[in-house]
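S.K.: I'll drop the sequence and a predicted model, then ask my questions.
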Amino acid sequence: MRAIVVEKPGKYSMKEVPDPRIQNPNEVLVEIMAVGICGSDISLLHGGNAAATYPRIPGHEMTGRIQAVGSAVTKVKAGDRVIVEPIRYCGTCHACKRGRFNACRYLEVISVHADGGFCEYFVCPETEVHLLPDGISYELATAIEPCTIGEQANARGDVREGDTVLVHGAGPIGLVIVDVAKRIGARVIVSEPSEIRRTAALEFGADFVINPLREDLKSRVLALTDQAGPNTIFDAAGIPSLLQPSLELLATAGTMVPMSFNPKLTEISCQPVNMKELTIAGTRHQRMMFPKVIHDLDNRMDMLQKYVTHTFPLEQYEEAFALFQDKESDARKIVLTVKSGK
């Protein structure tokens, strides 16, 4: 089959690799139809993910059609349309015993620790696939996985109806955080230097957008919150230096959610953390959010259509990767199509 293979950081190409085969009775063979490009995929290309192992086939936002099933599979059958959940966990470590399997000590992430979906076929346990309703295309369905990330981040941020949240950054993940927060009933402020992305944030429901390079962010946010500060702040920009000023800006009993995996150290003062009894909440992948997002797809279709802006055939992966990395483009979610089908 054709696959995009990253041999090592900076060296990747499309090549022929052996077709994967069902080896266990609980496994399914998925014919990949479409796969979204994520920032973690681009990081893998360039060696920015310390957890990644090589060689590796990237791609974890994948949708497709069941081609074959193992003898013990009961959940799906050949011909079913599915989306793949891209994490695997042990079920026995401290995190798993507490129901937080997305933070499993031995977590295996598809496209980081195991091969992903920038290819034609994929094999996984039936527990890792979810049925897709007929009313959504494979291309739009790739955006379900990012939506689960937005749901998880808002859950970790304890966002509630009537809250005010501040989102640093209106890239693809920032936009889904905005969307989910608005669905909860929060008021959303977005800080973003790019005019294109500020416009996108408004399309996704942001109540206010701020250019932090031209406005005093702290003064503006305090004015919008009657000097109380936002209840939750998300760093979807991946800038460690935003942590300390965000802690100072948060409302009492507020929550800071740093989305980045940036390893750069940053100093913080414990004074605002304890004086205001703040929470700094890490967030990783998602926990049981696929069924929730899929169940609510009818209410998300307008958002998904605005979110998926570009599609390229798998062979044009280099053009797609370049567009993804152009911060001034109007791209939101870019999808590689592997096969055509309904």
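M.R.: That came in fine, so what should we check first? Numbering: from 1, shown residues only.

S.K.: and the helix or strand of the chain with the lowest mean pLDDT, which residues are buried?
M.R.: Using mean pLDDT, DSSP states H and E, the weakest-scoring helix or strand in the chain turns out to be helix 39-46, at a mean of 93. Buried residues in helix 39-46, counted by 16 or more other Cβ atoms under 10 Å: 40-41, 43-45. Just so you know, the C-beta spots here come from the backbone N, C-alpha and C atoms, and that holds for glycine as well.

S.K.: go on, stretch 56-74?
M.R.: Across stretch 56-74, burial judged by 16+ other Cβ under 10 Å covers 56-70, 73.

S.K.: and which of these is nearest residue 193?
M.R.: Closest to residue 193 out of the buried residues of stretch 56-74 is residue 61 (26.2 Å), distances taken as Cβ to Cβ.

S.K.: doesn't residue 140 make contact with the closest one?
M.R.: No - the criterion here is Cβ atoms under 8 Å, and residue 61 misses it with residue 140 at 11.4 Å.

S.K.: helices of the stretch 101-250 of the chain, start to end?
M.R.: For the stretch 101-250 of the chain, the helices defined by DSSP state H, counting those that start in this stretch cover 138-141, 144-156, 172-184, 195-203, 217-224, 243-249.

S.K.: which one of these lies nearest to residue 271?
M.R.: So among those, helix 243-249 is nearest, using Cβ to Cβ, at 9.0 Å.

S.K.: that closest one packs against which elements?
M.R.: strand 164-168, helix 217-224, strand 232-235, strand 255-258, helix 270-275 (3 or more Cβ pairs under 8 Å, 6 or more residues apart in numbering; DSSP states H and E).

S.K.: other SSEs contacting the last one?
M.R.: The elements that helix 270-275 packs onto, with contact taken as 3+ Cβ pairs under 8 Å, 6+ apart, are helix 243-249.

S.K.: next one: the helix it packs on to chain centre, how far?
M.R.: Helix 243-249 sits 24 Å away from the centroid of its parent chain (Cα atoms, centre = their mean, to the nearest Å).

S.K.: any weak-confidence spans in the stretch 51-200 of the chain?
M.R.: Within the stretch 51-200 of the chain, no range satisfies pLDDT under 70.
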